[in-house]
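[1] Here is a sequence with its predicted model. Questions after.
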Amino acid sequence: MVVKNWGQCIVFCSGHQLIIHNAEKTETITLPEAQSCENRNGKEHGNISNLCISKDSSLIAVSTENKQIVVFNKQLIVVKNFNVGRVSSQICFTPDNSLIVADKTGDVYLYNLSSEIISPLLLLGHMSVVLDVLVTDCGKYIITCDRDEKIRVSRFPNSYNIQSFCLGHKEFVIALKTIGNKLISASGDGTIKCWDYINGNELGMINVNESIDKQDIHKFCEEMNSEDIEVSALPITDMQLHSVDTHFFIGVSLFQQEKLLLYSMNSESFKVEFCKHIFVNSSYCFDLSGELLILTPEKL
Amino acid sequence: MSESNEVLPLPQKRYYRQRAHSNPIADHSFEYPKHPNFMKWSVHYPGVLEDESCAKKVEFLDVGCGYGGLLVTLSPMFPENLILGLEIRVKVSDYVVDRIKALRSQNPGEYQNIACLRTNAMKYLPNYFKKGQLKKIFFLYPDPHFKKAKHKWRVINQCLLAEYAYVLGINGIVYTITDVKDLHDWMVKHFTEHPLFERLTSEDLDTDIIIEKLYASSEEGQKVSRNNGDKFLAVFRRIEDPYVND
């Protein structure tokens, strides 16, 4: 599930449908048929796996579990509908509205949406699945993280040139956000880290597991260890960032925890304060951009 | 770490035999540092590094060092440089570690500048080395992974070249040699197409004392020589990024 703020609207997806909701109405859009038959895994429609909005809010792109990418404009008219070679794991827009698609094998491709024929350009590759990708607001760097513990900062568009690695997480890295020259990352090791992404130096850290019931952590680790998977923390499943003046507000969701945790981090001293829990009472996804949106299977 | 003074015999290869191929994409259980700062190099070079505060760092890297022939050859040629071999096969890396231990015990004060680690170079190079730290990287007789489906297992590919360029300093040198023509063409193609590398000319190579050793010093190389096979060499320099982004 993904939910995003889009101007006056809220956009989220359900199965193979895109739902746009504002004060007046709720609109449901079914994805168009995929272009060719060969890449569809035998399914008519694949569920939407990812949703992203361009920085200027003029485009929305969705990727599906059956390798389809659909791009809508502001009027929600389909402007591009194409297939990618492998199932995508994450998508994002560049500042100039090209689309970046990361796939399950760790390769990251650039698609120039303004050209007539859509063809992929291989930007970089990880040795495991890429879980998040972003291009910095300045447009000069592309940052990717993977199922191992790696965060890679590459130049953009000359992404063969690696600027730095931000290393220190002990499990997969699930989410990345940037603000100015700082990077915030969230990991399966239960921590949030803040980095100077230009040189890869770690600036600050939040151990989210310190804010939750020790018994929950213990129970999860026991379960995993019984399957011979060694873990020592409850993994983070999503992280959102909103910055106000001198503080970053960081929202975090954890595996099997029916609450959202909100922290503030001073953007100079990196001092962390725990703000509050918000109990959600079911699985959920959320968006934090001035307003906090929480989407659960039942309601918004 | 102190080493015992007992003189050790050289290890026998027959106790260290292992399949020649290894899957570099599978999750083997490797111990590796989460960050280069956490690497304890003094354990591997006890005769050179008293502790982790020593400024000296690894500058030559043999990726897939096999039984360690090149390490042993380079050790006396470059006494001032720390040289490291990486090997993914556990028994083979054990052999090299034991071989170096024996050489050190038989030749006090020598072979202190070489070491071998078991790791997956395709996954963990940035965990061991900082940006621009290395001066030379060797890829000698890498596994050709002939089948097309296994090309992504090759240690040289478009995406991994970015990581090799990251750990190499500007003007750092990459040496490749193979007896498989197809693999040679593949490696030359990928390095030549990569904007951060340029191929060295044969005149450049004439003055490099390492070149002749590449044909003979590695065990794979000796095997190929015995079979009177051809060997294909290609050497590349790490250059500045020609792309300027202001």
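    All right, it came through fine. Numbering: from 1, shown residues only, chains lettered A, B, ... in the order given.

[2] what's the nearest residue to B:Arg237 if we skip its chain neighbours?
    In this structure, B:Arg237 finds its nearest non-sequential neighbour in B:Glu198, 5.4 Å apart by Cβ to Cβ, 6 or more residues apart in numbering or on different chains. Using the backbone N, CA and C atoms, a C-beta is placed for each residue, glycine as well.

[3] which helices and strands does the helix or strand that contains that neighbour pack with?
    Assessed by DSSP states H and E, B:Glu198 sits inside strand B:197-199. In terms of contacts (3 or more Cβ pairs under 8 Å, 6 or more residues apart in numbering or on different chains; DSSP states H and E), strand B:197-199 is packed against helix B:181-193, strand B:232-238.

[4] in the first one, what's buried?
    Taking 16 or more other Cβ atoms under 10 Å in any protein chain shown as the neighbour-count basis, helix B:181-193 is seen to contain the buried residues B:183-184, B:186-188, B:190-191.

[5] same deal with the shortest one?
    Using 16+ other Cβ under 10 Å as the test for burial, strand B:232-238 gives B:232, B:234-238.

[6] Just the closest of the residues you listed to chain A, please.
    Of all these, chain A sits closest to B:Arg238, with 11.1 Å by Cβ to the nearest Cβ.

[7] pLDDT wise, what is that closest one at?
    You'll see B:Arg238 listed with a pLDDT of 98.

[8] A:Gln257: which of the helices and strands packed on strand B:197-199 is closest?
    Nearest to A:Gln257, of all the helices and strands packed on strand B:197-199, is helix B:181-193, at 45.4 Å by Cβ to Cβ.

[9] Output the contacting helices and strands for that closest one.
    helix B:158-167, strand B:168-178, strand B:197-199, strand B:232-238.

[10] mind checking which of those is nearest B:Phe78?
    strand B:168-178 (12.8 Å).

[11] Show me which residues of chain A sit near chain B.
    A:105, A:107, A:122, A:124-127, A:140, A:148-150, A:154-155, A:158-162, A:164-165, A:167-170 (Cβ under 8 Å from any Cβ of the partner chain).

[12] make it 6 Å
    A:125, A:127, A:140, A:158, A:160-162, A:165, A:167-168 (Cβ under 6 Å from any Cβ of the partner chain).

[13] what's the closest of those to chain B?
    A:Gly125 (2.9 Å).

[14] how many neighbours does the closest one have?
    If you count neighbours by other Cβ atoms under 10 Å in any protein chain shown, A:Gly125 ends up with 22.

[15] so what's it up against?
    By Cβ atoms under 6 Å, 6 or more residues apart in numbering or on different chains, the contact set of A:Gly125 is A:106-107, B:159.

[16] If we use 7 Å, what do you get?
    A:106-108, B:159 (Cβ atoms under 7 Å, 6 or more residues apart in numbering or on different chains).

[17] between the residues you listed, which is nearest A:Leu18?
    Distances from A:Leu18 to the contacts of A:Gly125, taken by Cβ to Cβ, are shortest for A:Val108, at 24.1 Å.

[18] Quick check: bridge partners of that closest one?
    A:Ala102, A:Leu124 (DSSP bridges).

[19] Let me know the secondary structure of the closest residue to B:Ile211 other than its chain neighbours.
    Excluding its sequence neighbours, the residue lying closest to B:Ile211 (Cβ to Cβ, 6+ apart) is B:Leu205, at 5.3 Å. Under DSSP: H, G, I helix; E, B strand; the rest coil, B:Leu205 falls in the helix class.

[20] What score does B:Leu205 have for pLDDT?
    92.

[21] what about it, neighbour count?
    Neighbours around B:Leu205, by other Cβ under 10 Å: 15.

[22] From what I see, it and B:Glu212 are in contact.
    No: the pair B:Leu205 and B:Glu212 fails to qualify as a contact (Cβ atoms under 7 Å) at a distance of 9.8 Å.

[23] Stretch B:101-120 and chain A in contact?
    No: judged by Cβ under 7 Å from any Cβ of the partner chain, stretch B:101-120 makes no contact with chain A; its nearest approach is 8.4 Å.

[24] which residue sits closest to the closest residue to chain A within chain B, ignoring its sequence neighbours?
    Nearest to chain A, among the residues of chain B, is B:Cys159, at 2.9 Å (Cβ to the nearest Cβ). Computed as Cβ to Cβ, 6+ apart, the closest residue to B:Cys159 that is not its neighbour in sequence is A:Gly125, at 2.9 Å.

[25] Same check on B:Ser22?
    Nearest in space to B:Ser22, with sequence neighbours left out and distances taken as Cβ to Cβ, 6+ apart, is B:Ile88 at 4.7 Å.

[26] Around chain A, which positions in chain B sit nearby?
    Counting by Cβ under 7 Å from any Cβ, chain B sits next to chain A at B:25, B:34-35, B:122-123, B:126-127, B:131, B:158-159, B:162-163, B:166, B:194-196, B:241, B:243, B:245.

[27] Any stretches of the chain with poor pLDDT?
    I went with chain A, as the question did not name one. For chain A, the stretches with pLDDT under 70 are A:1, A:36-45, A:281-285, A:289-290, A:297-300.

[28] that's the wrong chain, I wanted chain B
    For chain B, the stretches flagged by pLDDT under 70 are B:1-5, B:20, B:25-28, B:217-228, B:245-246.

[29] and the residue most central in space within it, what does it touch?
    Centroid-nearest residue in chain B, with Cα atoms, centre = their mean: B:Asp62, separated by 1.0 Å. Neighbouring residues of B:Asp62 by Cβ under 7 Å, 6+ apart: B:70-71, B:85, B:138.

[30] mind listing which of those are in strands?
    Among the contacts of B:Asp62, the residues falling in strands (DSSP state E) are B:85, B:138.

[31] Out of the contacts of B:Asp62, grab the one that's most surrounded.
    Busiest of the contacts of B:Asp62 [other Cβ under 10 Å] is B:Gly85, holding 29 neighbours.

[32] Name whatever forms a beta bridge with that residue.
    Residues in beta-bridge contact with B:Gly85 (DSSP bridges): B:Asp62, B:Cys116.

[33] separation between it and A:Met205?
    To A:Met205, B:Gly85 is 35 Å away according to Cβ to Cβ, to the nearest Å.

[34] quick one: the helices in chain B?
    Remark: helices assigned in chain B by DSSP state H are B:69-77, B:90-106, B:121-128, B:158-167, B:181-193, B:202-206, B:211-216, B:219-226.

[35] mind checking which of those helices is nearest A:Val252?
    helix B:121-128 (26.1 Å).

[36] So what's the gap between that closest one and the chain middle?
    Chain-centre distance of helix B:121-128: 12 Å, with Cα atoms, centre = their mean, to the nearest Å.
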